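1. I would like the atomic coordinates for the input below:
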Amino acid sequence: MSDPLPPDPPASDPPASDPPPPAAATRVAPRPARPRVAPARPNDNPPLDARSAQGRVDDFREAFASIRAELRKAIVGQVEVIEEILISLFAGGHVLIEGVPGTGKTLIVRTLGQALNLTFNRIQFTIDLMPADITGTRVLLEQDGRRELAFARGPVFAHVLLADEINRATPKTQSALLEAMAEGQVTAAGTTYKLQPPFFVLATLNPIEMEGTYPLPEAQLDRFLFKVALPYPNTGDMQRIIGSTTTATVPEVTPVFPPRRAAARVEELKALVREVLVAPHLEEYAAALVRATIPRGSKFAPAGPSLLPADEQIARYVAFGSSPRGGQALLLGAKVRALLAGRVNITYDDIDRVAVPALNHRLVLNFAARADDIDPRALIQRLLDAARRLHR
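-> Numbers count the residues shown, from 1 in each chain. Now for the predicted structure:
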């Protein structure tokens, strides 16, 4: 910045008796203009405070690592599954877990509730389960000679809810979870009851027994942030499982958070995820991935060019692609990945690593895909490979 201009010398007043001096005939040079500084523009997406950002990121990583360590006391192997479930928790979403019987689906969810020190309920879905069995119902109470209707809360009123074998219930009962998952509330007899945050639904699917099951409708599948596949354990993990579960020693899970602060701590960590920065070109990349899952020949396909070329197998096997919720899942999952890496901004790799669990259940495959036994996860991986060649 230039030095300030010196003040003008004060003009001396002429004597009262003398006449005013004549106007000067010479031309006076104009004063140099002071440099003008453009006002600072407010940042539309303010970054984390530089002084406290690293401390908050370290706190998140320590809490995540502690919860993961407690889960691994009871769960043998399944490292990626545990990580994806925790990512969905802190991203504020729900998880659909698909796996064969006996692979530890229920154990993972129950252990998570113990590690977080949050309230936990389990609903075993059956064909005769009714919506009121989930949300609650009004019951007639008699006290001091008076009768009145009172609302008896159902098992949905918990922080961590296990919906075990959700595909065994009828669509009417399955839809009872929709309002709770989307709005965080339950409506019964015209009255709305708020669910206490955090509210985390983990639903399990049994892919083997198809008799007496009801596939989840696409609208409800879209409500889950991630769909996680739980594979068979390998030989080493199998040996550890059968060895550790046939002894008198039972693993003891230690709660990570104190009981009175557990819910608030989880909400604090979830709020931190929302503050992670996303550059515009990464938003564009996530949108392009979602757009690429929609076949170009669909009557619902958006108009205009796409950043990624049309994929032959997407056009052949996919009837409907991902909704915008798929893009939200990509960015929220990538934000958690960034915090785990000690960063406050996401990268291409963060998005790629969450693309399969975030998008695989949002692709509606056609009959040709079922006939050829096409896995939607393989289709998403093809899109990621094409994106890497074009944009990296």
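2. give me the neighbour count for T135.
-> As a burial measure, T135 scores 21 neighbours (other Cβ atoms under 10 Å). For glycine as for every other residue, the C-beta is placed from the backbone atoms N, C-alpha and C.
3. wouldn't it be in contact with L178 here?
-> No - the criterion here is Cβ atoms under 8 Å, and T135 misses it with L178 at 10.9 Å.
4. excluding chain neighbours, what is closest to I134?
-> A176 (4.6 Å; Cβ to Cβ, 6 or more residues apart in numbering).
5. buried residues in stretch 368-387?
-> 369, 374, 376-377, 379-380, 383-384, 386-387 (16 or more other Cβ atoms under 10 Å).
6. what about the residue most central in space within the chain, distance to R370?
-> Nearest to the geometric centre of the chain sits A91, at 3.1 Å (Cα atoms, centre = their mean). Taking Cβ to Cβ, to the nearest Å as the measure, A91 falls 31 Å from R370.
7. quick revisit: count the neighbours of the residue nearest to I134 for me.
-> 20.
8. next one: the one 10 residues further on
-> By other Cβ under 10 Å, the residues close to V186 number 22.
9. assumed it was part of a strand.
-> Yes - assessed with DSSP: H, G, I helix; E, B strand; the rest coil, V186 lies in a strand.
10. what about stretch 135-149, distance to the chain center?
-> 39 Å (Cα atoms, centre = their mean, to the nearest Å).
11. scratch that, stretch 380-392
-> 23 Å.
12. now do stretch 175-185
-> Distance, centroid of stretch 175-185 to centroid of chain: 16 Å (Cα atoms, centre = their mean).
13. how about residues contacting whichever strand or helix holds G113?
-> Element membership for G113 (DSSP states H and E) is helix 105-116. Contacts to helix 105-116, defined as Cβ atoms under 8 Å, 6 or more residues apart in numbering, come from residues 67, 70-71, 73-75, 78, 81-82, 85, 89, 97, 99, 119-120, 122, 159-160, 162, 164, 202, 204, 230, 253-257, 262, 266.
14. let's go with 6 Å and repeat that
-> Residues from elsewhere that reach helix 105-116 (Cβ atoms under 6 Å, 6 or more residues apart in numbering): 67, 70-71, 74-75, 97, 99, 120, 160, 162, 202, 204, 230, 253, 256, 262.
15. helices - which of those residues land there?
-> 67, 70-71, 74, 262 (DSSP state H).
16. tell me the one of the residues you listed nearest A338?
-> I67 (18.0 Å; Cβ to Cβ).
17. do you know how far that closest one is from A182?
-> 25 Å.
18. which one's more surrounded, those two?
-> Neighbour tally, I67 and A182, criterion other Cβ under 10 Å: the higher count belongs to I67, 23 against 13.
19. roughly how far does that one sit from G184?
-> 22 Å.
20. could you do P215 as well?
-> In terms of Cβ to Cβ, P215 sits 26 Å off from G184.
21. start to end distance for stretch 195-214?
-> The straight-line separation of the ends of stretch 195-214 (Cα to Cα, to the nearest Å) is 27 Å.
22. can you list contacts of that stretch?
-> By Cβ under 6 Å, 6+ apart, stretch 195-214 touches 89, 94-98, 100, 105, 109, 159-168, 170-171, 181, 184, 266-267.
23. now the buried members of those.
-> 89, 94-98, 105, 109, 159-168, 181, 266.
24. just these: which are in strands?
-> Among the buried ones among the contacts of stretch 195-214, the members found in strands (DSSP state E) are 95-98, 160-164.
25. restricting to C-alpha, output the helix holding G113 in PDB.
-> The C-alpha trace of helix 105-116 is given here as PDB (Å, rounded to 0.1, in the frame of the first residue of the first chain):
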ATOM      1  CA  LYS A 105     -24.900 -59.600  10.500                       C
ATOM      2  CA  THR A 106     -26.900 -59.400  13.800                       C
ATOM      3  CA  LEU A 107     -23.700 -59.600  15.900                       C
ATOM      4  CA  ILE A 108     -22.200 -56.600  14.100                       C
ATOM      5  CA  VAL A 109     -25.300 -54.400  14.700                       C
ATOM      6  CA  ARG A 110     -25.700 -55.500  18.400                       C
ATOM      7  CA  THR A 111     -22.000 -54.900  19.100                       C
ATOM      8  CA  LEU A 112     -22.200 -51.400  17.400                       C
ATOM      9  CA  GLY A 113     -25.000 -50.400  19.800                       C
ATOM     10  CA  GLN A 114     -22.800 -51.500  22.800                       C
ATOM     11  CA  ALA A 115     -19.700 -49.700  21.500                       C
ATOM     12  CA  LEU A 116     -21.600 -46.500  21.000                       C
END
